[in-house]
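Asks: build me a model:
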Amino acid sequence: MDLLATVAELLGEKLADDAGEDSQSFAAVLLDPSSTHRRLPLISHGAIGRFAITDGHWKLVMPHRKAKTELYDLAADPGESKNVAAEYPETVASLKKKITNIICNGRTTPGTRQPNDTGHWKDLTWIQPDEYETLTARR
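Replies: Predicted coordinates:
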């Protein structure tokens, strides 16, 4: 997903505000390998409907159906074998707020909020439909 913003930057082009809402350029690393790059939070949506957010070394997998919230410290546990959600409730709350805001804003990158054209998805089980409508109405 980051290729769009990266190629645009390399070509000296600016993306429209409603294009590449989740695309973050990593051109600096290509041009100067000693530069640092910190990825914005990354949202993923699995085949069975579970959403997740990865931010730094943390990955929060959202609840879905009978599956409960899962939190992994990817630096210590890259295989995601030890759910540490109960040990880090503040991290769970922070990441839950981030994923909710990103989905309701229709983008990860800075810019104008973008609508999600499907309304409240049934897989957004941690956001109540009325809460979703309230959060997305603040445009």
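Asks: quick one, phi/psi of Asp73?
Replies: phi -90, psi 100 (degrees, to the nearest 10).
Asks: okay, now it: neighbour count?
Replies: 17 (other Cβ atoms under 10 Å). All C-beta spots, glycine's among them, are computed from the backbone N, C-alpha and C.
Asks: do I have it right that it meets Val84?
Replies: Yes. Between Asp73 and Val84 there is a contact under Cβ atoms under 8 Å: 5.9 Å.
Asks: buried stuff in stretch 127-139?
Replies: Within stretch 127-139, the residues that count as buried by 16 or more other Cβ atoms under 10 Å are Ile127, Tyr132, Thr136.
Asks: and which of those is nearest Ala5?
Replies: Thr136 (24.0 Å; Cβ to Cβ).
Asks: distance to Val92 added to the buried residues of stretch 127-139, as JSON lines?
Replies: Putting those into JSON lines (distance: Cβ to Cβ, whole Å) gives the following:
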{"residue": "Ile127", "distance to Val92": "15"}
{"residue": "Tyr132", "distance to Val92": "20"}
{"residue": "Thr136", "distance to Val92": "23"}
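Asks: those residues in helices, which ones?
Replies: Residues from these lying in helices, with DSSP state H as the criterion: Tyr132, Thr136.
Asks: which one among the buried residues of stretch 127-139 gets closest to Asn116?
Replies: Comparing those against Asn116 with Cβ to Cβ places Thr136 closest, at 7.3 Å.
Asks: neighbours around Lys97, how many?
Replies: Residues contacting Lys97 under the criterion other Cβ under 10 Å number 10.
Asks: you'd agree it is in a strand?
Replies: No. Remark: Lys97 does not belong to a strand; assigned using DSSP: H, G, I helix; E, B strand; the rest coil, it is helix.
Asks: count of residues packed around the closest residue in space to Pro63 that isn't next to it in sequence?
Replies: If the residues on either side of it in the chain are set aside, Pro63 comes closest to Thr69, at 5.0 Å by Cβ to Cβ, 6 or more residues apart in numbering. Counted with other Cβ under 10 Å, the neighbours of Thr69 add up to 16.
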